[in-house]
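A.B. asks: Give me coordinates for this.
(one chain, ligands or ions: 2)
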Amino acid sequence: MDVSIIGSGYVGTTVAACFADLGHDVVNVDVDEATVEALNTGDAPIHEEGLADLVAAHAGPDGTGRLRATTDYGAVLDTDVTFLCLPTPQRDDGSIDRSVVEAGAKTLGETLAEKDGWHTVVVKSTVVPGTTAETITPLLESAAGKTAGEAFGVGMNPEFLREGSAVADFRDPDKVVLGADDERAREDMAAVFAPLRERADDPPVVETDTKTAEMVKYANNGFLAAKVSLINDIGNVCKEFGVDAYEVAEAIALDDRIGAQFLRSGLGWGGSCFPKDTHAITAAATDAGYDPAMLEAAIAVNDRQPERLLDLLDEHADVTGERVAVLGLAFKPGTDDVRNARALDVIAGLRERDADVVAYDPVATENAREHYPDVEYVDAAAAALDGAVAALVTTDWDEFAALDTEFDAMDRRVVVDGRRVVERRDGITYEGLTW
Ligand SMILES: NC(=O)c1ccc[n+]([C@@H]2O[C@H](COP(=O)([O-])OP(=O)(O)OC[C@H]3O[C@@H](n4cnc5c(N)ncnc54)[C@H](O)[C@@H]3O)[C@@H](O)[C@H]2O)c1
Ligand SMILES: O=c1ccn([C@@H]2O[C@H](COP(=O)(O)OP(=O)(O)O[C@H]3O[C@H](CO)[C@@H](O)[C@H](O)[C@H]3O)[C@@H](O)[C@H]2O)c(=O)[nH]1
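C.D. replies: Ligands and ions are numbered 1, 2, ... in the order given. Next up is the predicted model:
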């Protein structure tokens, strides 16, 4: 099929490259010229495992020609289905900012005014329940001067990929959720996903309406964020009793009803999704008249983990005017993304204590520099540890587990681990956040 993707960020680029790989002809539309140029030369505009190879295979001069990019919305006219993959960030009050996705829908609608024949628009952005039917569809209708269900169809297909394993997640999904308010839109979405179903060994497909599909996405992220907050809450209790939360987690994971995933306690969740999505659904629920106590508690527990790490540091070192190493800047390993990274909160706390922060991350330094330009960034963990009075472990990169004699270069060997990466050992004053 001919597929267009509006927005070529983490989701749009991954989905576009994967759709091209499934045999579709795909065009990415993005307002950012550098992104478009990168794709058209066969380069991935973002860092994701396996994405560079896929983009090189299908875009650029040496590609199959099945993937291209443009800044011109007119490109959607030659396609059958358009996926909206535009950002839906958080406003200051926590609620969802729909301005970009609305602007994109309006331009798309104006473009579809010129389309002869049927077209299906699929919202892939994460939007609060009701947005597709009550905001996007009317916007498309008024901009196109056409009626949904007659001239075009609208669907909602939430995305569950994780950063760092986005391509693998897309190729082997736990489920595909197809929300539609009319049958033809549903058929078009099913046709786009048909080759994936074949290749991925028939993952479960949930067919529903757009509002339920929207809610499934928030329920998924809310549940996972709350699961991590619950294990963090339990971990904090464990720490009070001198019990190892990881040993406890291993035992409870044997109960099938609990499961083994998302039980790594520590510094908490960051990233571009859990923080904004828990806030957005909490704000939307409150607005609708319901107080979502569990989701609010999940956010509250998460917000205090960085300060708990710093409290542990205070027990072992006065860091005023002292060099402190921060190991890890990305919100999780495998990505250069620092959006809502817990490390940024930890750095803020260290600066409040007038510490000299020296930070290291294998790939996220440049992104962190935008937040803290005057922090000292080094290109190896050993260089960060050299002369430091304490080290804080803030991202669970594998390479931190291999650190050993590098600790000898510290001025005082205090290690406060927020991610359970470093082994407790002789010669080091070691504190784990929940163990
Ligand atoms: N990042 C993830 O892991 C992830 C996973 C699942 C769902 N989501 C959801 O998917 C949506 C997109 O997220 P993302 O992380 O890919 O965003 P992103 O910020 O990485 O990318 C958005 C892209 O849209 C482009 N853009 C902005 N305005 C535009 C416009 N008017 N027309 C065309 N292009 C425009 C930007 O230049 C950028 O390339 C969000 O709703 C997010 O919550 C994200
Ligand atoms: O046991 C765990 C698991 C995760 N985390 C933290 O939780 C955050 C989120 O991790 P993860 O879910 O792996 O990454 P994301 O890329 O943010 O993916 C989430 O957010 C995406 C955007 O909505 C969804 O598509 C994914 O399904 C959902 O997992 C990170 O800070 C992790 O360090 C923990 O602290 N302990």
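A.B. asks: could you show me where the helices are in the stretch 51-200 of the chain, in order?
C.D. replies: 51-58, 99-112, 131, 137-144, 166-171, 183-199 (DSSP state H, counting those that start in this stretch).
A.B. asks: counting contacts, what elements does the first one pack onto?
C.D. replies: So the one you mean is helix 51-58. Secondary-structure packing of helix 51-58 (3 or more C-beta pairs under 8 Å, 6 or more residues apart in numbering; DSSP states H and E): helix 10-21, helix 166-171. For every residue, glycine as well, the C-beta is placed using N, CA and C.
A.B. asks: Stretch 122-138 near ligand 1 at all?
C.D. replies: Yes: using C-beta under 6 Å from any ligand atom, stretch 122-138 reaches ligand 1 at 125-126.
A.B. asks: for stretch 109-118, same thing?
C.D. replies: No: interface with ligand 1: stretch 109-118 contributes nothing (C-beta under 6 Å from any ligand atom), its closest point being 11.1 Å away.
A.B. asks: Show me what the mean pLDDT comes to for that stretch.
C.D. replies: On average, the pLDDT along stretch 109-118 is 97.
A.B. asks: got the contact list for it?
C.D. replies: 73-74, 76-77, 119, 121, 139-146, 151-153, 184 (C-beta atoms under 8 Å, 6 or more residues apart in numbering).
A.B. asks: and that stretch, C-alpha only, in PDB?
C.D. replies: The C-alpha trace of stretch 109-118 is given here as PDB (Å, rounded to 0.1, in the frame of the first residue of the first chain):
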ATOM      1  CA  GLY A 109      -7.400  18.200   6.100                       C
ATOM      2  CA  GLU A 110      -6.700  21.200   3.900                       C
ATOM      3  CA  THR A 111      -4.600  18.900   1.700                       C
ATOM      4  CA  LEU A 112      -7.200  16.200   1.600                       C
ATOM      5  CA  ALA A 113      -9.600  18.800   0.200                       C
ATOM      6  CA  GLU A 114      -7.800  18.100  -3.100                       C
ATOM      7  CA  LYS A 115      -8.000  14.300  -2.900                       C
ATOM      8  CA  ASP A 116     -10.100  12.400  -5.300                       C
ATOM      9  CA  GLY A 117     -11.500   9.300  -3.600                       C
ATOM     10  CA  TRP A 118     -11.300   7.700  -0.200                       C
END
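A.B. asks: buried sites along it?
C.D. replies: 109, 111-112, 115 (16 or more other C-beta atoms under 10 Å).
A.B. asks: What parts of the stretch 1-150 of the chain come near ligand 1?
C.D. replies: 6-12, 29-32, 35, 85-88, 100, 103-104, 125-126.
A.B. asks: Quick check on those residues: which are buried?
C.D. replies: Buried by 16+ other C-beta under 10 Å: 6-12, 29-31, 35, 85-88, 100, 104, 125-126, out of these.
A.B. asks: What's the local residue count around E423?
C.D. replies: E423 has 12 neighbouring residues, counting by other C-beta atoms under 10 Å.
A.B. asks: From L403, how far out is it?
C.D. replies: Per C-beta to C-beta, to the nearest Å, E423 is found 9 Å from L403.
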